[in-house]
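Asker: Sequence plus predicted model, see below.
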Amino acid sequence: MRIESTSLSPEETYRLLSGVVVPRPIAWVLTASAEGLKNLAPFSCFTFVSNKPPMVGINMGRKNGVPKDTRSNIAVSGEYVVHIPTAAFTEAVHTSAKEFPAEISEVDTLGLRTVPSTHVSVPRLRDIPLAMECRFHSTTGYGDTGAEFVVGEVLAFHVEEHLYENGKIDTANLNPIARIGGPKYSTLGEITTLTAIKQVPKSVIRH
């Protein structure tokens, strides 16, 4: 069968693409409002875009044409923390995706514990084994629905020691969750290890 993209509504396109681009890692983003209210929301259009300095990018859509609380909070403070949620927090991640009123803190509602961050005023979740303190870098708008690709520089990585070995993350032990189409989540499943391919070292380009 053939599906013409011009025949699809934004919702239909999202349902289709979210089952095509899979699995997608989840950024569980903690921000704070100008009044200090903590907001927590998951985003599954998430990747890294630079390794020097380290930067991560998240696609943030709108609801009824209005930016989500996460995007609004980042616009005010320029600071946020990206967490990599593990399988143990699947239910909490899913619940935090609900459209809570702006005056309701998902962190408090879910009973999650926080600890102060090092470089940003926004705290991080205490019980998530991997988190990244971020400072807003730039944003680029795409499409007709007001979606923005938000890029932030990672100022610090917080990693539980048992997950860090020889400069790498033990992803199997991290046991992160990923999003697939619909209200469905997955874990890593079977991992296949092949012989490492030699690569040319990364270099810094002087501007």
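Answerer: Right, received. Where do you want to start?
Asker: where exactly do the helices run in this structure?
Answerer: Secondary structure of the chain (DSSP state H): helices at 10-20, 69-77, 90-96, 106-109, 171-174.
Asker: Now do the first one: which elements does it pack against?
Answerer: What that stands for is helix 10-20. strand 178-180 (3 or more CB pairs under 8 Å, 6 or more residues apart in numbering; DSSP states H and E). For every residue, glycine as well, the C-beta is placed using N, CA and C.
Asker: What strands line up against the strand it packs on, and which way round?
Answerer: Using DSSP bridges, strand 178-180 pairs in its sheet with strand 24-25 (antiparallel), strand 184-186 (antiparallel).
Asker: Which one, of the helices of the chain, ends up nearest to Cys134?
Answerer: Closest to Cys134 of the helices of the chain is helix 69-77 (CB to CB; 8.8 Å).
Asker: what's the most buried one of the helices of the chain?
Answerer: Of all these, helix 69-77 carries the top mean neighbour count, a mean of 19, counting by mean count of other CB atoms under 10 Å.
Asker: who touches it?
Answerer: The contact list for helix 69-77 (CB atoms under 8 Å, 6 or more residues apart in numbering) reads 29, 31-34, 39, 41, 43, 60, 62, 67, 80, 102, 121-122, 136, 148, 150, 152.
Asker: Produce a PyMOL select command limited to the buried residues of these.
Answerer: To isolate the buried members of the contacts of helix 69-77 in PyMOL, using 16 or more other CB atoms under 10 Å:
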select buried, resi 29+31+32+33+39+41+43+60+67+80+122+148+150+152
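Asker: circling back to that earlier point, I'd like the strands paired with strand 178-180 as JSON lines, with mean pLDDT and mean neighbour count appended.
Answerer: Below are the strands paired with strand 178-180 laid out as JSON lines (pLDDT from 0 to 100; neighbours: other CB atoms under 10 Å):
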{"stretch": "strand 24-25", "mean pLDDT": "98", "mean neighbour count": "17"}
{"stretch": "strand 184-186", "mean pLDDT": "98", "mean neighbour count": "16"}
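Asker: As JSON lines, those strands with distance to Tyr142 would be great.
Answerer: Output for those, formatted as JSON lines (distance: least, CB to CB, whole Å):
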{"stretch": "strand 24-25", "distance to Tyr142": "17"}
{"stretch": "strand 184-186", "distance to Tyr142": "25"}
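Asker: Can you tell me the strand partners of the helix or strand bottoming out on mean pLDDT in the chain and which way each runs?
Answerer: Least confident helix or strand, the chain: strand 62-63 with a mean of 90, by mean pLDDT, DSSP states H and E. Within its sheet, strand 62-63 is paired with strand 66-67 (antiparallel), according to DSSP bridges.
Asker: residues contacting Asp127?
Answerer: Taking CB under 8 Å, 6+ apart as the test, what Asp127 contacts is Leu112, Arg113.
Asker: Compute the distance between it and Lys52, please.
Answerer: Going from Asp127 to Lys52 by CB to CB, to the nearest Å gives 30 Å.
Asker: Same check on Phe43?
Answerer: Distance of Phe43 to Lys52, computed by CB to CB: 24 Å.
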